[in-house]
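# pasting the structure only:
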């Protein structure tokens, strides 16, 4: 599985996952600055073209974009969604460590997911 981390997840997390041989990029990566602040449906379109699942806590907007694509028979790879309750972003160091661990578990459990337009909840291992 290839991932695109939405804006709320730092490029550091993507870099650490790449160091562990996972194909992960982040909107916060320097070379993806053009993706910052774009419409969520455009970001999902970009991810679909790159064959990447989007990781986000922006559930309402991305579920709307997901449904919009399905209604037009335009599949995408998938969405990995989480809440601020499960992964509190205000605790920056803990957030990065928890998300890193949970994403690595997802990547190992689901190495090849294809274009099934799935939605999967990210859960904390703690």
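Yes, it's here. Not measured: the values here are computed from a predicted model.

# give me every residue that touches the nearest residue to residue 41 once chain neighbours are set aside.
In this structure, residue 41 finds its nearest non-sequential neighbour in residue 65, 4.0 Å apart by CB to CB, 6 or more residues apart in numbering. Every residue, glycine included, has its C-beta placed from N, CA and C. Contact analysis of residue 65 by CB atoms under 8 Å, 6 or more residues apart in numbering lists 40-41, 44.

# contacts for stretch 111-123, please.
Contacts for stretch 111-123 (CB under 8 Å, 6+ apart): 1, 48, 51, 53, 55, 63, 66, 69-70, 75-82, 86-87, 99, 102-103, 106, 110.

# which members of the residues you listed are positioned in helices?
48, 63, 66, 69-70, 99, 102-103, 106 (DSSP state H).

# show me which pair in those residues is furthest apart.
Of all pairs drawn from the ones in helices among the contacts of stretch 111-123, the one with the longest distance (CB to CB) is 70 and 99, at 26.6 Å.

# for these two, indicate the residue with more neighbours.
Counted by other CB atoms under 10 Å, residue 70 and residue 99 do not tie: residue 99 has more neighbours, with 24 against 12.

# give me the low-pLDDT residue ranges for the chain?
Along the chain, the parts satisfying pLDDT under 70 run over 113, 125-126.

# again, only this time at 50
For the chain, the stretches flagged by pLDDT under 50 are 126.

# centre-most residue in this structure?
residue 55 (1.5 Å; CA atoms, centre = their mean).

# partner residues bridging the spatially closest residue to that residue that is not a sequence neighbour?
Nearest residue to residue 55, sequence neighbours excluded (CB to CB, 6+ apart): residue 80, at 4.4 Å. Beta-bridge partners of residue 80, counted by DSSP bridges, are residue 55, residue 120.

# I figured residue 80 was touching residue 106, is that so?
Yes. At 6.2 Å, residue 80 counts as touching residue 106 under the criterion of CB atoms under 8 Å.

# who's more crowded, the two?
Set side by side, residue 80 and residue 106 show more neighbours around residue 80, with 24 against 21, by other CB under 10 Å.
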